[in-house]
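[1] pasting the sequence and the predicted coordinates here, then a few questions.
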Protein chains: 2
Amino acid sequence: MKITEAMQNYLKTIYRLQERDGVVSTSSLAIAMSVAAPSATGMMKKLVRYRTVRYTRYQGVVLTKTGRQIALEVIRHHRLLELYLAASLGYSWDAVHEEAERLEHVISEDFEERVFEALGRPTRDPHGEPIPTREGALPVWNHDSLADLEPGASGTIRQVRDSSPDMLRYLGARGLVPDAVIRVVDKAPFNGPLTVNVGASTHALGRDLARHIRVEMRPMLGEQE
Amino acid sequence: MKITEAMQNYLKTIYRLQERDGVVSTSSLAIAMSVAAPSATGMMKKLVRYRTVRYTRYQGVVLTKTGRQIALEVIRHHRLLELYLAASLGYSWDAVHEEAERLEHVISEDFEERVFEALGRPTRDPHGEPIPTREGALPVWNHDSLADLEPGASGTIRQVRDSSPDMLRYLGARGLVPDAVIRVVDKAPFNGPLTVNVGASTHALGRDLARHIRVEMRPMLGEQE
DNA sequence: ACTAGAATTTAGACATTCCTAATCATTCAA
DNA sequence: TTGAATGATTAGGAATGTCTAAATTCTAGT
C-alpha cells in the first residue's frame, strides 16, 4: 500500500488536465502520459483502490481530496525544484523542467523544507506558476490571456505556461518572461498574430502561443477609481 | 537494454564489498542489499548479460571494467550530493547519506557538473571519502586504522567510514570528524577500548568503532629525516 | 431509431524485481 | 571419505506497469 512514482505522475497529470477540462477522459490522460489507452484505464482502477480518484466507466476520472493533495504535493516539489535549480545552480528557465521532473519524486520533506527556506519562502516558480503551500493550498490568480488583449492594452507578464525548452528559449530571447512589461501594438483578425512591444523591441506572436502567456493588465488611464 | 536503478544499486554494492573482501558471494551481496539470496543470484545473471560482472556459479562475482565504471559513476554522484547537501543546504553529516541515496540515481550529468563546479571541484565528501573523477578514477590513500595506533601516537582523522546516522552523531558530538587532530592516550589489550585525546577532551572508544576511523599519522619527533 | 465510427474497456502477454520452498553443490569435521 | 551443515541455485509465483488485439459501449448523423 504505497503511492508509487507512476501513481504520483498520473495524479499530477490528472490534476493538470482537470484544471483545463474538468472531467478527465481516458484518452486525454493516455496522451498526456504518453502511454496506450489500456494503461490509463488500468491505472485509473488502481487509483480508485487508493481513493485518490472517482471513476465511472466510460466517463473519465476526477480527483478526490486525497488525490488532489498528493498532486499538489508533487507540484510543490516540482516548482520549488525549478526555482532552486535556476536560482542556486544557474540553470536556465528552459532547462529546469526536465531535471525537476525526475527529482520531484525522490526528495524528502526535509529537503523540500530546506529548499523552501533557502529560497526565502517563495510563492512562484521561474515560469510564474504559483507554488502550492505545504498544506496543499494553491493561490489562483485569474490573469488574462495575452491572446485576449486588444491593441493599445498593456500589462505585466505573470505566467508563461509552456514546458517546451525550445519555446521557452524562443520567448526568453524576445524578453517574454514573467515580470516583463508589454504592450499590444496590433492584432490581426482570424486568429492571426499579435504584435507586441516588449521593452524596446517589437515582436509578432502567433495567437496560439500568446494564449499560453498570462498577463496582469495595467488599468487604463482614467479607468482607476 | 538500459541500466536500471536496481542494477546501479547492485553494482555499487558489489563495488563496496569487492573492495573489502575481493570476490563477492551471493549471500554477502543479498545481505548488503537487504534481499533474499535468489534475488541476488537472479540479478547476477542479469548483470552478466550486460557484461558488468564476471560470475561463476557457486563462486561469486567480480566487476568488469564496465561494471566498475558504472559503480564509480554512482558513487561520484553520491559523494558529490553528500557534500552539496552539507555545504549548501545545511544538512548535518549524519543526515546526508539517506538523501543522497535516493538522489544519486536521478540526477543528470549536467546537475553533477554544476554541483561539482559550485563546490569548487572537491575531492572528498563530508566523511572524508574520496570522490571519483568524472573519468572514473578514484584516488586511494592508505591511511592507518585508528585501532592500530599505539599509545602516544597522534595524527589527523581523514575518513570516518560509517553510514549509520546514530554512530555519526555520536562521533561528531565527540569531535571525531575528518581533519580533527587526535592522540592515543591509552590502549587496553584484548580488543578493549582505546582512550584518545580530541582537542581538549578525552574519550574511550571501542576497538571495533576505531577500526572505521582512518588516521594520517603525524611523524614522531625525531623520526623526520 | 439505427448504425457506423470513435472511445473505452477487457483479455492476454511480457519485462522487472522481488519472494518462498525445494533442490543441488560445497566444505569441513569426524 | 563421507555426511551434515552451510551456501547457492532452480522452480514457481506475485506485484507493477506496460503493450497489442479484440470486444464492448457510447455518440452522432441520417
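    Okay, I see it. For clarity, every value in this text was computed on a predicted model and none was experimentally measured.
[2] can you list the residues of chain A near DNA strand D?
    A:4-7, A:33-39, A:42-43, A:46, A:57-58 (CB under 7 Å from any atom of the strand). For the C-beta atoms, the positions are set from N, CA and C on the backbone; glycine is no exception.
[3] now chain A, which segments are flagged as low pLDDT?
    A:220-225 (pLDDT under 70).
[4] in it, what residue is nearest DNA strand C?
    Residue of chain A nearest DNA strand C, by CB to the nearest atom of the strand: A:S27 (2.8 Å).
[5] that residue: how many residues sit nearby?
    A:S27 has 11 neighbours, counted by other CB atoms under 10 Å in any protein chain shown.
[6] and what of the one 4 residues further on?
    By the measure other CB under 10 Å, the count of residues near A:I31 is 14.
[7] so who does it touch?
    Contacts here follow CB atoms under 8 Å, 6 or more residues apart in numbering or on different chains; on that basis A:I31 touches nothing.
[8] for A:A37, see how far away it is.
    9 Å (CB to CB, to the nearest Å).
[9] what's downstream of the longest helix along chain A, the next helix or strand?
    Longest helix of chain A, by residue count under DSSP state H: helix A:65-89. Following helix A:65-89 in sequence order, the next helix or strand is helix A:96-103 (DSSP states H and E).
[10] helices and strands around the helix or strand following that next one, which ones?
    Using DSSP H and E, the next helix or strand after helix A:96-103 towards the C-terminus is helix A:109-118. Here helix A:109-118 touches helix A:65-89, helix B:65-89, going by 3 or more CB pairs under 8 Å, 6 or more residues apart in numbering or on different chains; DSSP states H and E.
[11] 6 Å instead?
    On a contact count with 3 or more CB pairs under 6 Å, 6 or more residues apart in numbering or on different chains; DSSP states H and E, helix A:109-118 meets helix A:65-89.
[12] in the helix it packs on, what counts as buried?
    Neighbour-count burial for helix A:65-89 flags A:67-68, A:70-89 (criterion: 16 or more other CB atoms under 10 Å in any protein chain shown).
[13] doesn't A:D186 lie inside a strand?
    Yes. Membership of A:D186 in a strand is supported by DSSP: H, G, I helix; E, B strand; the rest coil.
[14] which residues touch it?
    By CB atoms under 6 Å, 6 or more residues apart in numbering or on different chains, A:D186 lies in contact with A:151, A:195.
[15] what about A:E98, how many neighbours?
    A:E98, neighbours per other CB under 10 Å, totals 15.
[16] gap between the closest residue in space to A:Q69 that isn't next to it in sequence and chain B?
    Among residues not flanking A:Q69 along the chain, A:G136 sits closest, at 4.9 Å (CB to CB, 6 or more residues apart in numbering or on different chains). For A:G136, the distance to chain B equals 23 Å [CB to the nearest CB, to the nearest Å].
[17] wait, A:G136 sits on A:G67?
    No. Under the criterion of CB atoms under 6 Å, A:G136 makes no contact with A:G67, lying 11.1 Å away.
[18] angle of whichever helix or strand A:E19 is part of against helix A:96-103?
    Element membership for A:E19 (DSSP H and E) is helix A:5-21. Per axes from the mean of the first three to the mean of the last three CA atoms, to 10 degrees, the angle that helix A:5-21 makes with helix A:96-103 is 140 degrees.
[19] next one: helix A:5-21 to chain centre, how far?
    In this view, helix A:5-21 has its centroid 12 Å away from the chain centroid, taken as CA atoms, centre = their mean, to the nearest Å.
[20] what does it contact?
    Against helix A:5-21 from outside (CB under 6 Å, 6+ apart): A:24, A:28, A:32-33, A:43, A:52, A:63, A:67, A:70-71, A:74, A:105.
[21] before we move on, what about stretch A:109-118?
    Applying CB under 6 Å, 6+ apart, the set of residues contacting stretch A:109-118 is A:80, A:84, B:89, B:99.
[22] next: stretch A:197-212.
    A:145-147, A:161-162, A:174-175, A:180, A:182-183, A:185, A:191, A:193-195.
[23] let me see the domain layout of chain A.
    A:5-63, A:76-140, A:144-217 (automatic domain parsing).
[24] and chain A, which residues reach DNA strand C?
    A:25-28, A:37-38, A:40-42, A:44-45, A:55, A:57-60.
[25] how does it look with 6 Å?
    A:25-27, A:37-38, A:41, A:57-58, A:60 (CB under 6 Å from any atom of the strand).
[26] by neighbour count, which of those wins?
    Going by other CB under 10 Å, A:G60 tops those with 22 neighbours.
[27] who's that one bridged to?
    A:T56 (DSSP bridges).
[28] how about it, what does it touch?
    For A:G60, the contacting residues are A:23-25, by CB under 6 Å, 6+ apart.
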